[in-house]
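J.: Sequence and predicted structure below; questions after.
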Amino acid sequence: MEPIFIGRQPILDAAGGIYGYELLHRRPGEDVAVVDDGDRVSTDMLLNAVLEIGTRQLAGPHRAFINVTHKLLMNEGVDALPSERIVLEVLENVPVDPPLLARLEQLRSRKFEIALDDYVCRPDRDVLIGHADIVKLDVLALDWTALAHHAEALQRRNVRLVAEKVETQAMYERLRALGFGLFQGYYFARPELYTARKLLPNKLVLLQLLARVNQPDITAERLGEIIRADVSLAVTVLRWANSSIYGLRSAVESIQRAIVVLGLQTIRNWTALLALARLGATPSELLNVVLVRACSCELLATSAELPNSASFFTVGLLSALDVMLKVKMSEALERLQLGAAQRAGIERHEGEFGEALKAVLALEAGSLAGARFRDLPRAAITGCHLDAIAWADSLTRTGMLPS
């Protein structure tokens, strides 16, 4: 896990309500950003705010203002961002050229709001006004005569004005009188440092693998493509398929054949297991625990004659994902496209999935009284658990557990 630091400063309307938050590049102990590579900082901020943490967590129901460079604006990846939640704040040093102006109009047609940061009225920047929705003025960089001139000129251009660096109530009142409608500065709040943790790239890839194989509508063909794209994964799946544990009469020579012979859900579960094992810091003891949970849940479902018992295996397998990733379970499951019932079973122990997991966890803790599932006799429930332990032990003995 790697730490993320984001500064967050509110932008208020004239009534004192929150209009949005500007998200700022910050490190602990910094009052101002130290930027050595604007493109990298801008890109990291956008990715961290949108993908790693989420704009809703950072800004609630309000807009998130994010600084963007010329290079980032021209990147087509920006089009995939949630336009209703993000204001793209064009930095004051962005060079003005025809491709930039065309790009701004393209983004506005896709419902993005465009803000101009630290704007100063100059002939070479004037053309930007026609491509913007919001203009921010640094009120400490201009005297009151210049501010009055800027406010009058910009209000005629049908843009919203933000007064930045408002430091006193007297400044606030005077700026309101000039026609400013939005305000930001130390008078209202200093930037608040928001900290979180993001997954390192190798773990992110593994979670993406988990997410793909757990897509509810995944087909055998698509699962085969995913496995074949990872040589190590493909070799391991074939080794599992040909192991004595399945007792197949003929060799399995292809991934697609393995899926046909062993079943789509079985291969999904094994692939998920390998991804969990590759998460790096997962001790073999913990891996053994989740295997026992997974198999126990599946055997309970089978004994109760529930449909799709292999889905119960997935619930047990992911039941310790929060421990493996060292984050809250809600965060751990956020990237996985699990069904609502499976997620409720893992997070809150609700529904049939949750009841099976609760029974297994009770046995794991040595509590026979808590081991209840459907109308199964207690002897059947404990038998499922003992069979699961024996199965997991056999995987260890035969070297089937991934390393």
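T.: Arrived safely, thanks for sending. Numbering: from 1, shown residues only.
J.: Report the residue spans of the stretch 151-300 of the chain with pLDDT below the cut-off.
T.: 193-216, 229-233, 235-236, 239-240, 242-249, 269, 273-285 (pLDDT under 70).
J.: residue ranges for the helices of it, please.
T.: For the stretch 151-300 of the chain, the helices defined by DSSP state H, counting those that start in this stretch occupy 169-178, 201-213, 220-228, 231-241, 255-262, 264-277, 284-303.
J.: Would you mind putting the CA coordinates of the first one into CSV?
T.: In other words, helix 169-178. In CSV, the C-alpha atoms belonging to helix 169-178 read as follows (Å, rounded to 0.1, in the frame of the first residue of the first chain):
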residue,chain,number,x,y,z
GLN,A,169,-14.4,39.5,6.2
ALA,A,170,-13.9,43.0,4.9
MET,A,171,-12.4,41.6,1.7
TYR,A,172,-15.3,39.2,1.4
GLU,A,173,-17.9,41.9,1.7
ARG,A,174,-16.1,44.2,-0.8
LEU,A,175,-15.8,41.4,-3.3
ARG,A,176,-19.5,40.5,-3.0
ALA,A,177,-20.2,44.1,-3.8
LEU,A,178,-18.1,43.9,-7.0
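J.: For that helix, which residues meet the burial criterion?
T.: Residues of helix 169-178 classed as buried by neighbour count (16 or more other C-beta atoms under 10 Å): 171-172, 174-175, 178. From N, CA and C alone the C-beta is placed, and that goes for glycine too.
J.: Could you break this protein into its assigned domains?
T.: For the chain, automatic domain parsing gives the domain ranges 2-198, 201-397.
J.: I'd assumed residue 88 was in a helix, is it?
T.: No. In this structure, residue 88 is strand, not part of a helix, as judged by DSSP: H, G, I helix; E, B strand; the rest coil.
J.: In this structure it contacts residue 78, no?
T.: Yes. The pair residue 88 / residue 78 is scored as a contact, 7.3 Å apart, by C-beta atoms under 8 Å.
J.: Point out the other elements, helices or strands, that the helix or strand where residue 145 lies touches.
T.: Using DSSP states H and E, the element containing residue 145 is helix 144-155. Packed against helix 144-155 by the contact rule (3 or more C-beta pairs under 8 Å, 6 or more residues apart in numbering; DSSP states H and E) you find strand 134-138, strand 160-164, helix 169-178.
J.: how does it look with 7 Å?
T.: Packing contacts for helix 144-155, counted by 3 or more C-beta pairs under 7 Å, 6 or more residues apart in numbering; DSSP states H and E, involve strand 134-138, helix 169-178.
J.: and the direction of it versus that of strand 134-138, what angle?
T.: Orientation of helix 144-155 against strand 134-138 (axes from the mean of the first three to the mean of the last three C-alpha atoms, to 10 degrees) gives an angle of 180 degrees.
J.: Which residue ranges of this protein form strands?
T.: Using DSSP state E, the strands of the chain run over 2-13, 18-25, 63-68, 86-90, 113-116, 134-138, 160-164, 182-183, 192-198.
J.: Comparing those by mean pLDDT, which bottoms out?
T.: Lowest mean pLDDT of these: strand 192-198, a mean of 59.
J.: could you measure the residue in the chain sticking out farthest from the centre against residue 151, distance?
T.: Here the chain reaches farthest from its C-alpha mean at residue 145, the gap being 46.6 Å by C-alpha atoms, centre = their mean. As judged by C-beta to C-beta, to the nearest Å, residue 145 and residue 151 stand 11 Å apart.
J.: go on, residue 130?
T.: 18 Å.
J.: again with residue 324
T.: For residue 324 relative to residue 151 (C-beta to C-beta), the value is 55 Å.
J.: Next: residue 190.
T.: As judged by C-beta to C-beta, residue 190 and residue 151 stand 25 Å apart.
J.: Neighbour count: these two, which is higher?
T.: residue 151 (20 against 11; other C-beta atoms under 10 Å).
J.: which residue sits closest to the more buried one in space, ignoring its chain neighbours?
T.: Excluding its sequence neighbours, the residue lying closest to residue 151 (C-beta to C-beta, 6 or more residues apart in numbering) is residue 178, at 4.4 Å.
J.: List the buried residues in stretch 61-78.
T.: For stretch 61-78, burial by neighbour count (16+ other C-beta under 10 Å) applies to 62-70, 72-73, 78.
J.: what sits up against it?
T.: Residues outside stretch 61-78 that contact it (C-beta atoms under 7 Å, 6 or more residues apart in numbering): 11, 18-23, 38-39, 42-43, 45-46, 49, 55, 58, 85-91, 94-95, 99-100, 103, 115, 117.
J.: Whichever of those end up buried, select them in PyMOL.
T.: Here is the PyMOL command that selects the buried residues among the contacts of stretch 61-78 (16+ other C-beta under 10 Å):
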select buried, resi 11+18+19+20+21+22+23+38+42+43+45+46+49+55+58+85+86+87+88+89+90+91+94+100+103+115+117
